[in-house]
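[1] Would you be able to build a 3D model of this:
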Amino acid sequence: MRSLLGILLAVAVVAYGGPVASAAVAPDRLDTARIDSYVDDYLDRHGLVGAGIAVVHDGEVVHAAGRGEDGDAPATAATPFSTGSVGKAVTAVAVLQLVDDGVVGLDDPVVRHVPGFELADGRQGEVTVRQLLSHTSGIPSPVITPPAHDLAEGVAALRDLELASDPGRVYSYSNANFHLSARLVEEVAGAPFGEHLDDEVFAPLGMSDTVAVDTTHADHPGTQHGHVTAWGTALPGPALDQLVAGAGGVVTTAEDMARFAAMLTDGGRTPDGGQLVSADLLAQAHTPQLAAERYGLGWQLSSAGTEPARGGHAGSTTRYSAQLHVVPESGYGVVVMLNSFTPTYEHPYELSSGIIDLTEGDDATPGAPVATLIDWALGLATLVVLGVTALGLRRAGAWATRRAGWSGWTYALRLAPQAVFPALAVVLVGVVPVLQNNSSTPYDVLTFWPAAALLVLALAVSGVALVGARTWRRLGR
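    Predicted structure coming up:
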């Protein structure tokens with residue numbers, strides 16, 4: 001009797017509309033105008049400048065558009081954007097093509113194909129191609145690095161580094177893995193990496209407006225119209241000069257990146273039906289690798305509990321940011337590229353997630369301007385610092401009088417806390433840019449996060465002013 005009741009209950013739930021997973025919207029019914037409106041609202045809410053967006057489904061481009069501004073003109077589907085580490089997915093495809101051709105093995109030692117690869121601890125022979133593409137090589141990613149202008153220089157700099165962990169044991173994201181992967185492509189193909197991508201990846205996909213640059217200061221419009229967000233607006237300026245070849249040098253348009261995403265949702269096929277990369281290898285690339293729980297081969301996988309599950313790659317320079325997503329369950333792929341970078345919030349990811357929600361038949365809203373609120377809070381703190389400093393300067397005489405009986409050393413120690421932020425400002429602006437002959441400048445340090453930099457500078461000025469005024473009063477002036 002209980003079994004019968006259970007069966008009847010189950011039938012009733014189905015018949016009367018029990019919980020059923022929502023199905024994705026069919027491409028011919030997807031409201032692309034609604035997607036554009038959502039992106040416009042998001043740009044306005046968060047103080048962003050311009051975007052390139054694309055939606056694909058099972059190998060077909062459903063929508064590609066530009067929204068907002070780029071330089072002095074409206075952004076369009078043909079506007080170029082620097083995509084940062086989204087380029088790692090492109091580099092991985094180039095390596096997998098060589099694996100398809102049988103000239104490289106995923107478990108080959110890298111030194112077999114890049115004889116110039118050396119590490120300070122002599123363990124370069126333990127690193128494999130698979131470990132490079134899955135960030136499990138153990139090659140570290142130093143914050144401060146010497147400048148390099150091409151892949152040969154970038155790989156040569158690795159001889160000063162030691163492995164941070166045994167190869168194949170620990171996932172640790174490092175741009176060096178993909179500089180080295182791109183150098184491997186150069187060595188095996190016998191051509192510069194950018195030229196090889198032109199011939200073997202971009203041309204077969206019809207990505208005629210896409211290039212691979214070596215550094216963020218390349219002479220290309222897709223690297224020159226970037227911004228950093230601050231206090232709800234965006235400030236234009238050049239990016240930090242970095243080697244990005246292989247690790248993040250792809251500059252592309254919404255139209256072109258849509259073609260790349262379409263290939264990923266169509267088993268590696270090109271628009272004319274050819275096979276850019278085998279479906280088997282593409283599936284491997286999109287599968288978590290040993291010791292890399294949420295990373296495949298040049299491919300990030302969503303965290304547990306993310307619905308719907310998705311894979312792709314995020315990317316940024318200090319002036320551009322991007323997100324590529326593919327949703328295996330629905331067959332949709334989404335591309336978002338911004339000509340701005342926000343240090344405290346991943347806008348491309350949120351925008352892409354909103355568009356995925358729309359492809360799932362759900363609603364999408366711009367959300368709260370979190371980064372703007374953080375910057376405003378820092379701005380308010382800056383004003384408070386300046387107000388407190390003004391009050392401290394007015395009372396400097398009284399402050400010194402109350403401590404007139406102190407010894408010179410005691411007085412100096414009491415002033416020491418006010419010297420912390422001036423010292424920090426000197427380190428950030430004067431020391432960091434010259435460490436290991438790196439390519440950053442004081443401008444780069446100050447504009448990486450303008451709201452935070454302004455607060456540090458205000459604290460530094462406050463410290464200098466208060467120490468100076470109190471010392472002056474101590475001397476009886």
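[2] can you give me the strands in the stretch 201-350 of the chain?
    For the stretch 201-350 of the chain, the strands defined by DSSP state E, counting those that start in this stretch occupy 211-212, 227-230, 233-236, 250-252, 300-301, 311-316, 321-327, 332-338.
[3] Tell me which of those sits nearest to D58.
    Nearest to D58 among the strands of the stretch 201-350 of the chain is strand 332-338 (8.4 Å), distances taken as Cβ to Cβ. All C-beta atoms are positioned from the backbone trio N, CA, C, and that covers glycine.
[4] Tell me which stretches of the stretch 1-150 of the chain form strands.
    50-57, 60-70, 73-74, 81-82.
[5] Surely R269 is in contact with Q275?
    Yes - contact criterion Cβ atoms under 8 Å: R269 and Q275 qualify, at 6.0 Å.
[6] quick one: which of these two has more around it?
    R269 (19 against 15; other Cβ atoms under 10 Å).
[7] returning to that earlier point: out of the strands of the stretch 201-350 of the chain, indicate the one that is most buried.
    strand 332-338 (a mean of 31; mean count of other Cβ atoms under 10 Å).
[8] Give me the contacts around it.
    Strand 332-338 is contacted from outside by 24, 48-57, 81, 83, 252, 254, 257-258, 261-262, 264-265, 320-327, 347-348, 351-352, 355-356, 359, using Cβ atoms under 8 Å, 6 or more residues apart in numbering.
[9] how about a cut-off of 7 Å?
    If you take Cβ atoms under 7 Å, 6 or more residues apart in numbering as the criterion, strand 332-338 is touched by 24, 48, 51-57, 81, 83, 254, 257-258, 261-262, 264-265, 320-326, 347-348, 351-352, 355-356, 359.
[10] Are any of those buried, and if so which?
    Neighbour counting with 16 or more other Cβ atoms under 10 Å marks 24, 48, 51-57, 81, 83, 254, 257-258, 261-262, 264-265, 320-326, 347-348, 351-352, 355-356, 359 as buried within the contacts of strand 332-338.
[11] Grab the CA positions of stretch 212-221 and hand them over as PDB.
    This file holds the C-alpha atoms of stretch 212-221, laid out as PDB (Å, rounded to 0.1, in the frame of the first residue of the first chain):
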ATOM      1  CA  ALA A 212      48.500  38.100 -31.300                       C
ATOM      2  CA  VAL A 213      50.800  40.800 -29.900                       C
ATOM      3  CA  ASP A 214      53.900  40.300 -27.700                       C
ATOM      4  CA  THR A 215      53.400  43.100 -25.200                       C
ATOM      5  CA  THR A 216      50.600  45.300 -23.800                       C
ATOM      6  CA  HIS A 217      52.300  48.300 -25.400                       C
ATOM      7  CA  ALA A 218      52.000  46.900 -28.900                       C
ATOM      8  CA  ASP A 219      51.000  49.500 -31.600                       C
ATOM      9  CA  HIS A 220      47.400  48.400 -32.100                       C
ATOM     10  CA  PRO A 221      44.100  50.200 -31.400                       C
END
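[12] Centre of the chain to that stretch, how far?
    From the chain centre to the centre of stretch 212-221 is a distance of 17 Å (Cα atoms, centre = their mean, to the nearest Å).
[13] now it: mean pLDDT?
    Averaging pLDDT along stretch 212-221 gives 96.
[14] Stretch 192-209 too?
    Rounded mean pLDDT across stretch 192-209 is 98.
[15] pLDDT score assigned to P147?
    85.
[16] Show me where the stretch 151-300 of the chain has its helices.
    Using DSSP state H, counting those that start in this stretch, the helices of the stretch 151-300 of the chain run over 151-156, 175-189, 193-197, 203-205, 254-264, 279-285.
[17] To G397, which of these lies closest?
    helix 175-189 (54.3 Å).
[18] can you pull out the helices in the stretch 1-150 of the chain?
    2-15, 32-46, 87-100, 129-133.
[19] Please name whichever of the ones you listed is nearest to Q242.
    The nearest among the helices of the stretch 1-150 of the chain, by Cβ to Cβ, is helix 87-100 at 12.5 Å.
[20] quick one on the thing from earlier: now render the helices of the stretch 1-150 of the chain as CSV, adding distance to L380, mean pLDDT and mean neighbour count.
    Below are the helices of the stretch 1-150 of the chain laid out as CSV (distance: least, Cβ to Cβ, whole Å; pLDDT from 0 to 100; neighbours: other Cβ atoms under 10 Å):
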stretch, distance to L380, mean pLDDT, mean neighbour count
helix 2-15, 53, 37, 9
helix 32-46, 19, 98, 17
helix 87-100, 38, 98, 25
helix 129-133, 45, 98, 27
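[21] now for the ones you listed, which one comes closest to S462?
    Taking the helices of the stretch 1-150 of the chain one by one with Cβ to Cβ, helix 32-46 is closest: 30.7 Å.
[22] Check which helices and strands the helix or strand containing I356 is in contact with.
    Assigned by DSSP states H and E, I356 belongs to helix 347-359. Contacts defined by 3 or more Cβ pairs under 7 Å, 6 or more residues apart in numbering; DSSP states H and E place helix 347-359 against helix 32-46, strand 50-57, strand 321-327, strand 332-338.
[23] In CSV: these, plus distance to L119.
    Conversion of those to CSV gives the following (distance: least, Cβ to Cβ, whole Å):
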stretch, distance to L119
helix 32-46, 42
strand 50-57, 39
strand 321-327, 31
strand 332-338, 35
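[24] Low-confidence bits of this protein, can you list those?
    1-22, 477 (pLDDT under 70).
[25] same thing but at 80, please
    Applying pLDDT under 80 to the chain flags residues 1-23, 143-145, 436-437, 477.
[26] ok, and the closest non-adjacent residue to R319?
    Spatial nearest neighbour of R319, excluding adjacent residues (Cβ to Cβ, 6 or more residues apart in numbering): G226 at 2.6 Å.
[27] cool, and R34?
    L358 (6.3 Å).
[28] any idea how far the one you found lies from V56?
    Distance, L358 to V56, by Cβ to Cβ, to the nearest Å: 14 Å.
[29] do T265 as well
    In terms of Cβ to Cβ, T265 sits 6 Å off from V56.
[30] and what of G122?
    46 Å.
[31] for S85, same thing?
    In terms of Cβ to Cβ, S85 sits 20 Å off from V56.
[32] Repeat that for G392.
    From G392 to V56 the distance is 59 Å (Cβ to Cβ).
[33] Over to V427?
    For V427 relative to V56 (Cβ to Cβ), the value is 47 Å.
[34] what does G102 give?
    In terms of Cβ to Cβ, G102 sits 30 Å off from V56.
[35] and what of T128?
    Distance from T128 to V56, by Cβ to Cβ: 32 Å.
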